[in-house]
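[1] Give me a 3D structure for the following:
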Amino acid sequence: MHLITMAHLGEAQGVIEKFHLQRITPELFNNEEMVLLLTGEGPFEAATKTALLIPRYPFTQIMNLGIAGSLKDHTVGEIFPVRTLYLIQDLKPSFKSFGSLEEGLDCLTSFERILDPQKAIKLQGLGHLVDREAWGVAMAAKTAGLPFTAFKIISDVAGTIDACEIIKDRAHEFSEKLASFLETYLNKNEDTKSEEKFSLPGFHFTFSTNHQLKNLLNKLSIKEQIRVEDLLATLPIDELRELKLAPKERARRLLDHMENRIDPLKAHLARKKEELQMLFQKHGLKLEIDGQWENPKLTISFEAGSDQEIQDKIQVLKTLSIDSFTKIMNGEICVE
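    Below you'll find the model as predicted:
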């Protein structure tokens, strides 16, 4: 699974729309293969938020994507790979630096926005770009032992007083370019690693779900004390092939089956969550539940174009119940 970190919602909007990400919290979005984290500005803030999120998902790589000011002569709107990240405080570099890619531009992560042209001049000898969060994300990724890469789109010239207004005016453009770049990059990355995928005819595994499959096979092998080769014969592979399903859906159901065998409680919770969400969805209501079942509250939302629609939704809400959710949060769980 990919972890994509970006500083703000404005630059991330294109990614959210292109990859159909669902909002989990105000700062977290995801789909089956990707999690997007909005870190905000500041290297330590970015490091903390990233580090706290990493243990919650089976990430295989982390990428920081977003805008950066140019300290050199670069064209606004161009996207560049980042080679090395340095932390800048009081216009001085910190001892610790992090690598991203073998080739690219060097990026300075600053505690402050560089809006003073004199400050920008002093930094020109240290790097090509300046941002506010990438170094922090890199620190969290490297500490966790996960591969890290960073790519930056030039949003302005560092040291420009009205840089914030320039970025605001072109935010949508930058967001769309970043989303298109990410799509191309991930597709290319998946193609180059396709030979590493576990092959099951009739099933389609992406790079992320293939990684998940291998992990689940290893876990099941250990739990049930059976070789992976023999374990495959116990999975409902033939039964799933006979069902009229898309190859990707077959893969998802196989992974669900394996998850259930490894952790029946987790699978039970996933089913209860889906059942409750489907119940509300039938009435045009969106129900959001913490995927880790840690938040005792849930969020209900809906769209309305008139006062009457609001009243209709209120009446529907009066007929629905979240009793099953409340019971689970109170520890009343029965796994059959």
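
[2] When you work out contacts or count neighbours from here on, use the C-alpha atoms and nothing else.
    Will do.

[3] Would you mind splitting the protein into its domains for me?
    The chain breaks down by automatic domain parsing into domains covering 2-192, 196-262, 271-336.

[4] any chance of these in a markdown table, plus mean neighbour count?
    Shown next, in a markdown table, are the domains of the chain (neighbours: other CA atoms under 10 Å):
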| stretch | mean neighbour count |
| --- | --- |
| domain 2-192 | 19 |
| domain 196-262 | 15 |
| domain 271-336 | 13 |
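
[5] Can you add mean pLDDT and give those domains back as CSV?
    Formatted as CSV, the domains of the chain follow (pLDDT from 0 to 100):
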stretch, mean pLDDT
domain 2-192, 89
domain 196-262, 86
domain 271-336, 85
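
[6] for this structure, what spans make up the strands?
    Here the chain has its strands, by DSSP state E, at 2-6, 22-25, 28-30, 34-38, 61-70, 79-89, 92-99, 105-110, 129-131, 148-157, 286-288, 299-301.

[7] quick one: the nearest residue to I322 once chain neighbours are set aside from R227, how far?
    Nearest non-adjacent residue to I322, counting by CA to CA, 6 or more residues apart in numbering: L276, 7.7 Å away. With distances taken as CA to CA, to the nearest Å, L276 is found 37 Å from R227.

[8] Over to V82?
    Between V82 and R227 the computed distance is 43 Å (CA to CA).

[9] and what of T160?
    For T160 relative to R227 (CA to CA), the value is 62 Å.

[10] and if you look at L53?
    33 Å.

[11] Kindly report the same for T149.
    Counting by CA to CA, the gap from T149 to R227 is 36 Å.

[12] And Q118, by the same measure?
    According to CA to CA, Q118 and R227 sit 65 Å apart.

[13] Could you do Q61 as well?
    Q61 is 28 Å from R227, by CA to CA.

[14] for R170, same thing?
    Using CA to CA, one gets 56 Å for the distance from R170 to R227.

[15] list the contacts for the spatially most central residue of the chain?
    Closest to where the C-alpha atoms of the chain average out (CA atoms, centre = their mean) is V35, at 1.6 Å. Counting by CA atoms under 8 Å, 6 or more residues apart in numbering, V35 touches 1-4, 28-29.

[16] and if you look at H204?
    With CA under 8 Å, 6+ apart, H204 has these contacts: 247-248, 250-251.

[17] Repeat the analysis, applying 10 Å as the threshold.
    197-198, 210, 246-252 (CA atoms under 10 Å, 6 or more residues apart in numbering).

[18] now L3, which residues is it bridged with?
    Beta-bridge pairing for L3 (DSSP bridges): V35, I62.

[19] any idea how far T39 is from it?
    Applying CA to CA to L3 and T39 gives a distance of 12 Å.

[20] same deal with P236?
    For P236 relative to T39 (CA to CA), the value is 41 Å.

[21] Check G145 too.
    19 Å.

[22] just checking, what packs against the top helix by length along the chain?
    When the chain is scanned for its longest helix (criterion: DSSP state H), the result is helix 171-192. Counting contacts by 3 or more CA pairs under 10 Å, 6 or more residues apart in numbering; DSSP states H and E, helix 171-192 packs against helix 9-18, strand 61-70, strand 79-89, strand 148-157, helix 163-169, helix 207-224.

[23] Quick check: which of these is nearest to E176?
    Smallest distance to E176 across these (CA to CA): 4.9 Å, for helix 9-18.

[24] Next up, the contacts around P201.
    237, 241, 247.

[25] can you pull the contacts of E332?
    Applying CA under 10 Å, 6+ apart to E332 gives the contacts 324-326.
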